[in-house]
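**Student:** next one to model:
(4 chains)
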Amino acid sequence: MGNPMKIRAAVKDGVTEVKVLMQHDMETGLRKEADGTLVPAWFITEVKAQHQGRTVLEAQYGQSISKNPYLLFRFKGGAVGEKVTVSWTDNKGDTRTDEAAIAA
Amino acid sequence: MNTSNLTRMILVLALTASGSALAADTAASDSDKIEQYREMISDGNPADFDEMRGEELWKKAAGPKQASLEKCDLGKGPGVVKGAYAALPRYFKDTKMVQDLESRLLTCMTTLQGIPEEEITAKPFASDKKASDISSLASYVVGQSKGIKMAVSTRHPKEKEAFEIGRRIFNYRAGPYDFACSTCHATSDVRIRMQDLPNFHVKEDAQAAYTSWPAYRVSQGLTRSFQWRLNDCFRQQRFPEPKFASEVTVALTMYLAVSANGAEYVGPGLKR
Amino acid sequence: MNAKQMFGIAVTVCLASATFSAQAGSKVDKEAMKLDARATEIIKRDFRDKGIAKADRVNQDALQAACSKYEDDVPVDMKIKLEDEQAKQIKWPADGNFMGDWKAGEKLAQSGKGMTWSDKPDEPAGGNCYNCHQLSSKEIAYGTIGPSLLNYAKKQGTPEKGQRRAYGRIYNAKAYAACANMPRFGHMGILSEAQIKDLVALLMDPESPVNK
Amino acid sequence: MTNRTGREAINMERRKALKTGGGIGLMALFGALGLLQPGKAFAEWNKTAFSSKSMDEALAALGVTTPESSEAIKLTVPEIAENGAVVPVTVVSTIPDVEQISILVDKNPNVLAANFTFPQGTEGMVTTRVKMGQTANVVALVKADGKFYRVAREVKVTAGGCGG
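**Tutor:** Numbers count the residues shown, from 1 in each chain, chains lettered A, B, ... in the order given. Below you'll find the predicted structure:
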């Protein structure tokens, strides 16, 4: 299974801002090792964020997303202490889910 | 007035005085754009993950002695991590040496955990996209000095000596390019390519540079330790390789750390 | 007064302040000499071979030792002596021709490769020029450790003089300023005569980006 | 971190839940919003779009026809990126009811970098970071109220330190 994410969520004026930092190599499949062998593509393909069980953002990623992907978005609502859950799946079928409580 | 301010003032004068200063003007605005780029990537530092990895390693029993590093004395007493980095390098009575963080971690890993030194120094840096244990441990320890003011002592004669030797290493020209550290780091407001260079003779420059290392390098996708920073400087200086945690690296670190005294430590940083 | 002259003043002032600190630090006392010796001993012990960068690279020649000792501000009589010695060792082209191909020169100027332990022994070194100098109004990623070389040719007396000066400075910058930051590309065998000629062409050819 | 085993167990449960209940519910939701091309089930990664080698190919795969240029979309990218490995991109749309934001880089080997889909209640904005092989245009494509809008900005990718 994948390595943990860092999720920060904070609510202000009725809008929750979510910042996510994922740990993933995001190999394009185009990079070569020093000896010339091609490093196979290995990257996150899907990301989903939920607030109290309701989906608030959905993303599909390609090979061009940077290593250790960073994501920031905002949704209406959310209260201090409520949970934001983020999961990702990569092209090898590996997944990771983490959650964070909304802060003030 | 220090030389940095003076150069800046003269540049400003030159800009107003002559149209031929256009090049300098463009250079300055390009630097601003780079600054803007750095600002945009400053949130969400993947070095956090290396700190987490280091904390786990610190607390986990390992090595032939199956011991954790929780009794490791980084200068503030066994197991005290908070603020330790802001006072390193320092003289340690048990080893009778001035040690920087990585040299001290090496001592703890060999004595407390019984891990052979060669095993650690064979691959001391993150490489092939993988972190090294000692480098992650360093990330964890430095993170525990966030917000603490640098206060590196030169009171002990050995500490004073390390500082003086460090200064000489800083100015030591050698190799096919005749470079010393000072070739790039003793003048204000200059850059290599797009990279602004800190002038270690100017307090604010030295402070900003020293307190933001170790750092996550986005170009390499790795968190880099201070020993790595020096190692790669010497590579670019066209020098041979300094031995990991050797006296030459510790003395140079001492010189640079003292020049940063008084500034809040803010690392691990995030760099291009 | 133009920007370059202004910058000249700034550099002079910087050097003046460096002189002050160098004098304060270089008091000939026993303690300092002991530290010098100790530093050298540590440097010779703590570096090791890696790739093409062998440990003996830390051994200084007389010029390197002098510049290190005086933190690049050597006394004036010594400076002149050092520069003369370096100038004598410049190997000028046997055919008397300084100009190569400026396009090859531009490629060399862009390359920062050469002489590090991660460089391969069979790969020719680059000129590293853009690391420190502006050489084209199109390239934004240029360094400022050295002066801008834009319009270099126009600032020389005659093309012949300019070509000779450019060749000499690239071959051995220390013949012109003993503790210059610039490497001695010919003297140290970093670049070949043909490569230096390509760089001279980059600086002097009216068609090159330097002079456009 | 201290309670790793416990955390993993929770994650296992969550993954199971995601694979069963959550997925179906969302598929219905997306179907209803008309966000997916006919025949494509939810969570099926749009391979055609992400394999596109040119802007035209990518737009076609995304089902986009002649996007309008719009001042209501703000695309923030650095003018100069010191390193192509990490180029921050922020897209903010003031057009209401944003359904989808796509980010493309015209000179990358695979031009489509990411597709974000926005349920109701989520603001039409997103920040991400993309890789760029060279100086190129970053393109933001916004779908709102069934229409496509487009905005592009150039990012210069330069050499950073020495040794390049």
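
**Student:** quick one, helices of the stretch 1-150 of chain B?
**Tutor:** Taking DSSP state H, counting those that start in this stretch as the criterion, the stretch 1-150 of chain B contains helices spanning B:3-17, B:22-40, B:47-59, B:101-111, B:117-121, B:133-143.

**Student:** quick one: which of those is nearest residue B:172?
**Tutor:** Across the helices of the stretch 1-150 of chain B, the minimum distance to residue B:172, taken as C-beta to C-beta, is reached by helix B:101-111, at 20.2 Å. Yep, even glycine has a C-beta here, placed from its N, CA and C like the rest.

**Student:** for residue C:46, what are its contacts?
**Tutor:** B:242-243, B:246-249 (C-beta atoms under 8 Å, 6 or more residues apart in numbering or on different chains).

**Student:** kindly indicate which of those residues lies nearest chain A.
**Tutor:** Proximity of the contacts of residue C:46 to chain A, judged by C-beta to the nearest C-beta, is greatest for residue B:242, which lies at 22.8 Å.

**Student:** beta-bridge partners for that closest one, please?
**Tutor:** Under the criterion DSSP bridges, residue B:242 forms beta bridges with residue C:47.

**Student:** contacting residues around it?
**Tutor:** Here residue B:242 is in contact with B:230-231, B:234, B:248-249, C:46-47 (criterion: C-beta under 8 Å, 6+ apart).

**Student:** before we move on, what about residue B:98?
**Tutor:** Per C-beta under 8 Å, 6+ apart, neighbours of residue B:98: B:89-92, B:156, B:158-159, B:161-162, B:250-251, B:254.

**Student:** inside strands: which ones of the residues you listed?
**Tutor:** Secondary-structure check on these using DSSP state E: residues within strands are B:90-92.

**Student:** just to revisit the earlier point, pLDDT added to the contacts of residue B:242, as a markdown table?
**Tutor:** Supplementary listing: the contacts of residue B:242 in a markdown table, determined by pLDDT from 0 to 100:
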| residue | pLDDT |
| --- | --- |
| B:230 | 97 |
| B:231 | 97 |
| B:234 | 97 |
| B:248 | 98 |
| B:249 | 98 |
| C:46 | 98 |
| C:47 | 98 |
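
**Student:** leaving aside the residues adjacent along the chain, what's closest to residue D:54?
**Tutor:** Nearest residue to residue D:54, sequence neighbours excluded (C-beta to C-beta, 6 or more residues apart in numbering or on different chains): residue D:111, at 6.5 Å.

**Student:** now do the residue sitting furthest away from the middle of chain C against chain B, distance only.
**Tutor:** Residue farthest from the centre of chain C, counting by C-alpha atoms, centre = their mean, is residue C:30 at 33.3 Å. Computed with C-beta to the nearest C-beta, to the nearest Å, the distance linking residue C:30 and chain B is 13 Å.

**Student:** against chain D, how distant is that residue?
**Tutor:** 40 Å.

**Student:** and if you look at residue C:164?
**Tutor:** Distance of residue C:164 to chain D, computed by C-beta to the nearest C-beta: 28 Å.

**Student:** what's the neighbour count on that residue?
**Tutor:** Neighbour count for residue C:164, taken as other C-beta atoms under 10 Å in any protein chain shown: 17.

**Student:** for the stretch 101-250 of chain B, which segments count as strands?
**Tutor:** B:190-192, B:195-197, B:215-217, B:222-224, B:241-242 (DSSP state E, counting those that start in this stretch).

**Student:** and residue C:60, which of those is closest to it?
**Tutor:** Closest to residue C:60 of those, according to C-beta to C-beta: strand B:241-242, at 16.4 Å.

**Student:** so for the closest one, what's the average pLDDT?
**Tutor:** Confidence over strand B:241-242, taken as the mean pLDDT, stands at 98.

**Student:** same deal with stretch C:57-71?
**Tutor:** Model confidence over stretch C:57-71, given as mean pLDDT, is 96.

**Student:** ok, it near chain B or not?
**Tutor:** Yes. Residues of stretch C:57-71 contacting chain B under C-beta under 8 Å from any C-beta of the partner chain: C:57-60, C:63-64, C:67-68, C:71.

**Student:** show me how chain C divides into domains.
**Tutor:** C:3-77, C:102-204 (automatic domain parsing).

**Student:** so does the last one get close to chain A?
**Tutor:** Pointing back at domain C:102-204 there. No. In this structure, domain C:102-204 remains apart from chain A according to C-beta under 8 Å from any C-beta; the gap is never smaller than 10.2 Å.

**Student:** that domain and chain B, any residue contact?
**Tutor:** Yes. Judged by C-beta under 8 Å from any C-beta, domain C:102-204 comes into contact with chain B at C:112, C:115-118, C:130-132, C:134, C:137, C:140-145, C:148, C:150, C:174, C:181, C:183-184, C:188-190.

**Student:** strands - which of those residues land there?
**Tutor:** Helix and strand membership here follows DSSP E; of these, not one is in strands.

**Student:** coming back round to it: can you tell me which of the residues of stretch C:57-71 next to chain B is nearest chain D?
**Tutor:** For these, the residue nearest chain D by C-beta to the nearest C-beta is residue C:57; the value is 17.2 Å.

**Student:** quick check: which ranges of chain B have low pLDDT?
**Tutor:** Applying pLDDT under 70 to the predicted model, the residue ranges of chain B that meet it are B:1-28.

**Student:** name the residue closest to the centre of it, please.
**Tutor:** Central residue check for chain B by C-alpha atoms, centre = their mean: the C-alpha nearest the mean position is that of residue B:226, 3.7 Å away.

**Student:** and what of chain C?
**Tutor:** In chain C, the residue lying closest to the centroid (C-alpha atoms, centre = their mean) is residue C:182, at 1.6 Å.

**Student:** contact partners for that one?
**Tutor:** Applying C-beta under 8 Å, 6+ apart, we find residue C:182 in contact with C:132, C:146, C:169, C:173.

**Student:** wait, the last one touches residue C:186, no?
**Tutor:** No. In terms of C-beta atoms under 8 Å, residue C:173 does not count as a neighbour of residue C:186; the distance is 9.8 Å.

**Student:** about what we covered before: looking at the residues of stretch C:57-71 next to chain B, which are in helices?
**Tutor:** For the residues of stretch C:57-71 next to chain B, the ones inside helices are C:63-64, C:67-68, with DSSP state H as the criterion.

**Student:** out of those residues, who has the most neighbours?
**Tutor:** Neighbour tally across those (other C-beta under 10 Å): the maximum, 26 neighbours, falls on residue C:67.

**Student:** so how far is residue C:40 from that residue?
**Tutor:** Residue C:67 is 15 Å from residue C:40, where distance means C-beta to C-beta, to the nearest Å.

**Student:** looks like the residue nearest to residue D:54 contacts residue D:49 (just checking).
**Tutor:** No. Under the criterion of C-beta under 8 Å, residue D:111 makes no contact with residue D:49, lying 9.2 Å away.
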